[in-house]
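Q: The following comprises the amino acid sequence and a computationally predicted model.
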Amino acid sequence: MATRSTLEFLRTETGSGLLLAFVAAFAILWANSPWAAEYAAFVGRAIPVRIGPFAETLTLAAWVKTALMPIFFLVMGLKIKQEIVRGELSNPRRLALPVLAALGGVLAPAAIFLAVNAGEDGVALAWPAAVPTDAAIALALVAIAAPRLPQPLRVFLLTVAIIQDLISVAMIAVVFAETLRPAMLGGALATFLVLAAMARWRAAPYAFWTAGFLLLWGFVVKSGLDPSVAGVLAAAVVPLQPKRPGGPGVLDQLLAALHPYVAFLVLPLFILTAAGFSVRDLPADTPTAPVALGLGLALVLGKQLGVFGAAALAIGLKWARRPMGAKWLDLYGVAVLCGVGFTLSLYIGELAFDPGDALSQAKVRIGVVAGSLASALLGMAALAVSDRRRPPDD
């Protein structure tokens, strides 16, 4: 049975998914319209920021990625922690199916991408972009195509996405770390340890947590690690206990406060600045380049083969049970929707190439958008067919 916090998280994700899809379409249309120069100027505008000894000048797109997306990773980390401690990931009997499905959804897409990129023109480093699932968009598509889909399947989809996102964050930290600066790493570690000790102080003012998170973020940015690491580290030290006896836990309060802003502001801003690409000056073979083709096939074929194949194997071998009320076609449709990578796929794909390499960035975006769109259409079709066959009282 899904917890109340999980159901609330599902509702917010579902509500934001349609907005993200609309913003992505708007960004692509704007980047290919007569006002394409204005779009390029908008996302490429340089913005200097100086706070004490901290000084950086980045483009708007880079600031969204560097300063706002860590808040998304903080929320994602909080949700993962919540699920591990008292949610779906805390129950070993319920954990087997989504864990095995998520692992299949990592290995199969990676194998397909690497196979396509095995030649001279291939770029193997971009394979982690095929790992994530955009839960918000996938859940919104479920709500449209199969409004009567059993709740356990929605929780299964969210859990698979969370596990894959956790793997994605680990790969960001390991695969895409720049040249590390020991002094800044030491500062980040010291700040993290202070915050971990402060977690025992239940009545700690939120201003202290805010200052600590900002300091941790600053050290991580300057250390050479990806800024997303700061969000996940911050989530790890947020206490579960309430500030006052009988009140809501600090983690629950922070998640409830931040999640709507992330869902309806941070992620749309990131999609607006990251999804737009112009096809006007691209070579004709760009969509079939190994990176674009590999990502597209990994998302639309790899995800359904990996997620559905691993889930079916686990159920067939009696390692796990099929979600309550779910038909095989339901499970297949949800597995296909796991190929909607989008937000994190775009984020990771950008890390694989130099920001100034416009052609490679365009290949990533074409592959992610095409693979996600194909997965969305196929998954919605399967779920719609299954939903029409469902008895009225289901």
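A: Good, I have the coordinates.
Q: what helix or strand does the nearest residue to residue 295 once chain neighbours are set aside sit in?
A: Residue nearest to residue 295 in three dimensions, not counting chain neighbours: residue 367, with 3.0 Å by Cβ to Cβ, 6 or more residues apart in numbering. Just so you know, the C-beta spots here come from the backbone N, C-alpha and C atoms, and that holds for glycine as well. Using DSSP states H and E, residue 367 sits in helix 358-388.
Q: And for residue 49?
A: strand 46-51.
Q: residues near the residue nearest to residue 295, how many?
A: 31 (other Cβ atoms under 10 Å).
Q: now do residue 386
A: Count around residue 386 with other Cβ under 10 Å applied: 21.
Q: who touches it in this structure?
A: Going by Cβ atoms under 8 Å, 6 or more residues apart in numbering, residue 386 touches 146, 327, 329, 330, 333.
Q: residues contacting the closest residue to it other than its chain neighbours?
A: In this structure, residue 386 finds its nearest non-sequential neighbour in residue 329, 4.1 Å apart by Cβ to Cβ, 6+ apart. By Cβ under 8 Å, 6+ apart, residue 329 lies in contact with 382, 383, 385, 386, 389.
Q: ok so, going back, could I get the CA-only coordinates of the strand holding residue 49 as CSV?
A: Extracted in CSV, the C-alpha atoms of strand 46-51 (Å, rounded to 0.1, in the frame of the first residue of the first chain):
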residue,chain,number,x,y,z
ALA,A,46,25.9,36.0,-19.4
ILE,A,47,25.0,36.6,-15.8
PRO,A,48,27.8,37.5,-13.3
VAL,A,49,27.2,36.6,-9.6
ARG,A,50,29.5,37.6,-6.7
ILE,A,51,28.7,36.7,-3.1
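Q: Check the burial of the nearest residue to residue 364 once chain neighbours are set aside by counting its neighbours.
A: Take residue 364 and drop its neighbours on the chain: the residue closest to it by Cβ to Cβ, 6+ apart is residue 349, 3.5 Å away. By other Cβ under 10 Å, 24 other residues sit near residue 349.
Q: didn't residue 349 look like it was pressed against residue 126?
A: Yes: under the criterion of Cβ atoms under 8 Å, residue 349 makes contact with residue 126 at 6.0 Å.
Q: Could you pull out the residues contacting both of the two?
A: Contacts common to residue 349 and residue 126, judged by Cβ under 8 Å, 6+ apart, are 295, 364.
Q: Which helix or which strand is home to the residue nearest to residue 306 when sequence neighbours are not counted?
A: Nearest non-adjacent residue to residue 306, counting by Cβ to Cβ, 6+ apart: residue 108, 3.0 Å away. Secondary structure assigned from DSSP H and E places residue 108 in helix 92-116.
Q: per-residue confidence averaged over that helix?
A: Mean pLDDT, computed over helix 92-116, is 91.
Q: One more: stretch 184-202?
A: Computed over stretch 184-202, the mean pLDDT rounds to 89.
Q: Convert that stretch to CSV, retaining C-alpha atoms only.
A: As requested, the backbone C-alpha atoms of stretch 184-202 are provided in CSV (Å, rounded to 0.1, in the frame of the first residue of the first chain):
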residue,chain,number,x,y,z
MET,A,184,37.5,22.5,-2.2
LEU,A,185,36.7,18.8,-1.7
GLY,A,186,38.0,19.1,1.9
GLY,A,187,35.7,22.1,2.4
ALA,A,188,32.7,20.2,1.0
LEU,A,189,33.5,17.2,3.3
ALA,A,190,33.9,19.4,6.4
THR,A,191,30.6,21.1,5.6
PHE,A,192,28.8,17.8,5.1
LEU,A,193,30.1,16.4,8.4
VAL,A,194,29.0,19.6,10.3
LEU,A,195,25.5,19.3,8.7
ALA,A,196,25.4,15.5,9.6
ALA,A,197,26.2,16.4,13.2
MET,A,198,23.6,19.2,13.2
ALA,A,199,21.0,16.6,12.2
ARG,A,200,20.9,15.6,15.9
TRP,A,201,19.8,19.1,16.8
ARG,A,202,16.1,18.8,16.2
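Q: Go through that stretch and flag the buried ones.
A: Buried residues in stretch 184-202, defined by neighbour count with 16 or more other Cβ atoms under 10 Å: 184, 185, 187, 188, 191, 192, 195, 199.
Q: any chance of those in JSON lines, with secondary structure and distance to residue 301 too?
A: What follows is these, written out as JSON lines (DSSP: H, G, I helix; E, B strand; the rest coil; distance: Cβ to Cβ, whole Å):
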{"residue": "184", "secondary structure": "helix", "distance to residue 301": "41"}
{"residue": "185", "secondary structure": "helix", "distance to residue 301": "39"}
{"residue": "187", "secondary structure": "helix", "distance to residue 301": "44"}
{"residue": "188", "secondary structure": "helix", "distance to residue 301": "39"}
{"residue": "191", "secondary structure": "helix", "distance to residue 301": "43"}
{"residue": "192", "secondary structure": "helix", "distance to residue 301": "40"}
{"residue": "195", "secondary structure": "helix", "distance to residue 301": "42"}
{"residue": "199", "secondary structure": "coil", "distance to residue 301": "43"}
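Q: so who does residue 71 touch?
A: For residue 71, counting by Cβ under 8 Å, 6+ apart, the contacting residues are 231, 258, 261, 262, 266.
Q: Where does the prediction get shaky in this structure?
A: Counting by pLDDT under 70, the ranges of the chain that qualify are 1-7, 10, 54, 87-89, 120-122, 177-178, 392-394.
Q: Spatially central, which residue of it would that be?
A: Residue closest to the average C-alpha location in the chain (Cα atoms, centre = their mean): residue 344, at 4.0 Å.
Q: mind checking which helix or strand it is in?
A: In the assignment (DSSP H and E), residue 344 maps to helix 343-351.
Q: Give the other helices and strands that that helix contacts.
A: In terms of contacts (3 or more Cβ pairs under 8 Å, 6 or more residues apart in numbering; DSSP states H and E), helix 343-351 is packed against helix 151-175, helix 267-274, helix 358-388.
Q: TSV for those, including distance to residue 211?
A: Below are the helices and strands packed on helix 343-351 laid out as TSV (distance: least, Cβ to Cβ, whole Å):
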stretch	distance to residue 211
helix 151-175	24
helix 267-274	24
helix 358-388	35
